[in-house]
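*Asks:* here is my input; please provide its structure:
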Amino acid sequence: MQWRQMDIEYTFWQMLHLCTSPKVVYQHTKYHKQTKNQWARDDPAFVVISILLLIVAASAYCSAYDTTVAHAVLTVLSVLMFHFLITGVVLATICWLYAFDVHCNSFFPMFILLYVIQYFVSPLLVAHGFIPVLLANLLFMVAFCYYHYLNFLGYDVLPFLDKTTFFLYPIGVIIILSPLMILSGFNPTRYILSFYFS
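*Replies:* Reported below is the predicted structural model:
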């Protein structure tokens, strides 16, 4: 695996379109199946760039909220391993490589919302009061709903799967739980930051 052999431009095109028009990405997945006779990516660039972006984002959080280098390294490794890789491996059950691709595709917009945007608005989100609780819960609700919507789109293109609307069911649970979390005063941003950096 060499940097020169990876299609970086196509990877960034996919990342942009996963945030703006994800159906286009999965239309290209159908074309990939027709031309290369496989559903999964044959280029590791998406995973490599996602890992690099996760390392940068986790390092930014550590530089803002952490006090020791050893804990920062541990935090970066745990975010990389548990948030991205192990979660993807556990969720990838059908056509393993393609399922991991679907997870990677679904994870990227969630990464933008919960790692990048949350980082910049975290001073507002960790404050006490109803507005920070509301905004933090809305940010998490949108991120997780969009993750599951992209999972649905990814599995919906597979012609051998029936009832792919099953992948939309978690969205209903999230929409039901979000108002309850807001009314209870639970702030997911404050919880996550205190979990990693308390």
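*Asks:* what sits against the residue nearest to Val48 when sequence neighbours are not counted?
*Replies:* In space, Val48 comes closest to Met6 once its chain neighbours are excluded; the distance is 6.8 Å by CB to CB, 6 or more residues apart in numbering. C-beta here means a position set from N, CA and C on the backbone, and glycine is covered the same way. The contact partners of Met6, by CB atoms under 8 Å, 6 or more residues apart in numbering, come to 43-45, 48.
*Asks:* can you say which of these are buried?
*Replies:* For the contacts of Met6, a neighbour count by 16 or more other CB atoms under 10 Å gives the buried set as Ala45.
*Asks:* return the subset of the contacts of Met6 lying in helices.
*Replies:* Mapping these onto helices (DSSP state H) picks out 45, 48.
*Asks:* and of the contacts of Met6, the nearest to Ile192?
*Replies:* Val48 (25.4 Å; CB to CB).
*Asks:* same for the helix or strand of the chain with the lowest mean pLDDT, what does it pack against?
*Replies:* None of the helices or strands of the chain scores lower by mean pLDDT, DSSP states H and E than helix 87-91, at a mean of 74. With contacts defined as 3 or more CB pairs under 8 Å, 6 or more residues apart in numbering; DSSP states H and E, helix 87-91 has these neighbours: helix 96-111.
*Asks:* for Val79, see how far away the most centrally placed residue in the chain is.
*Replies:* Nearest to the geometric centre of the chain sits Phe107, at 2.1 Å (CA atoms, centre = their mean). In this structure, Phe107 lies at 12 Å from Val79, with CB to CB, to the nearest Å as the measure.
*Asks:* mind listing the helices for this structure?
*Replies:* Using DSSP H, helices in the chain cover 8-20, 22-36, 45-65, 69-78, 87-91, 96-111, 118-125, 130-156, 169-184, 188-197.
*Asks:* of those helices, which stretch is the most buried?
*Replies:* helix 96-111 (a mean of 21; mean count of other CB atoms under 10 Å).
*Asks:* can you give the contact residues for that one?
*Replies:* By CB under 8 Å, 6+ apart, helix 96-111 touches 14-15, 18-19, 22, 25, 38-41, 46-47, 50, 53-54, 57, 84, 87-89, 91-93, 143-144, 146-148, 150-151, 154-155, 158.
*Asks:* same deal with stretch 46-56?
*Replies:* Outside stretch 46-56, the residues touching it (CB under 8 Å, 6+ apart) are 1, 6, 8, 11-12, 14-15, 76, 79-80, 83-84, 101, 104-105, 107-108, 111, 115.
*Asks:* next: stretch 18-36.
*Replies:* For stretch 18-36, contacts defined as CB under 8 Å, 6+ apart pick out 14, 17, 38-39, 41-42, 105, 108-109, 112, 149-150, 153-154, 156-157.
*Asks:* distance of the residue nearest to Gln14 when sequence neighbours are not counted from Tyr155?
*Replies:* Leaving aside its sequence neighbours, Gln14 sits nearest to Val25 (CB to CB, 6+ apart; 5.4 Å). As judged by CB to CB, Val25 and Tyr155 stand 14 Å apart.
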